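Engineer: 3D, please:
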Amino acid sequence: MNQFPLTRRGSLFTALAMFLFVALVPMSLEAQGEGRGPNGEDLRLLELLKIEVSKDEKTGRYILDVQGKATKMPAGTKVDLLLTWRSQLVETFTVTLPVSRKFRESFKLKPLEASSHKYMFRSVIDPKKQTSKVKKELAGDEDLFPPAAAPWTEFHFDKQFVIGSPEEIAAAKKLIQDYFVNTYTELAKIDALVKKSIADCSEGLDFR
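Structural biologist: The predicted structure is shown next:
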């Protein structure tokens, strides 16, 4: 029995609150990922320009070719790129910004299965990982690098991507579909057998 029963009005209120939460949270995250200030100013620390996915046919591992720029950060800044899938951390890579503050890096991923769900990078600048020179330069710009917000994180929603060819993704989808179809078919057979057993027991009791 529910120890905290809800009235009809309370249920409606709860449903409305949940709807607003679901609707507003993605908007707030997207705004954070876009890096826009209250007056529309561009506060992005790092911009990913291009992400290309290829596959090493010998090893079967995927390779990410990532191009980006971070002209507002000092040269030598270490930036962690966190590869995520459905909000789960997959792997972390670190880029050290050159003098130009523009970079192009290739990352060989650990073995991954193709998926129709998109991957995304989250970038993190952790002051604890920086050299004393870079720390000093970051500390000099509290508008972009407020101490209370460290480590500074951005979500790159505008550069989401899939891993795997269309054929690989289609095959992965079919594998999942076949698994669920087979599983539910077996469960239905078991359910039918249980119901028959119960019916047989009931008939035996009635006969007695």
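Engineer: Return the backbone torsion pair for the one residue sitting closest to the centre of the chain.
Structural biologist: The centroid of the chain falls nearest to Ser87 when counting by Cα atoms, centre = their mean (2.9 Å). Dihedral angles of Ser87 (phi, psi; degrees, to the nearest 10) stand at phi 70, psi 0.
Engineer: Please tell me how far it sits from Ala170.
Structural biologist: 24 Å (Cβ to Cβ, to the nearest Å). Just so you know, the C-beta spots here come from the backbone N, C-alpha and C atoms, and that holds for glycine as well.
Engineer: same question, Val134
Structural biologist: 46 Å.
Engineer: Neighbour count: these two, which is higher?
Structural biologist: In terms of neighbours (other Cβ atoms under 10 Å), Val134 is the more surrounded of Val134 and Ala170; the figures are 20 against 13.
Engineer: confidence score at Thr185?
Structural biologist: Predicted confidence (pLDDT) for Thr185: 79.
Engineer: which residues of this protein fall in strands?
Structural biologist: Ranges of strands in the chain, per DSSP state E, are 47-56, 61-69, 78-85, 88-96, 102-108, 115-125, 152-155, 161-163.
Engineer: And the second one, what does it pack against?
Structural biologist: Using 3 or more Cβ pairs under 8 Å, 6 or more residues apart in numbering; DSSP states H and E as the contact criterion, the neighbours of strand 61-69 among helices and strands are strand 47-56, strand 102-108.
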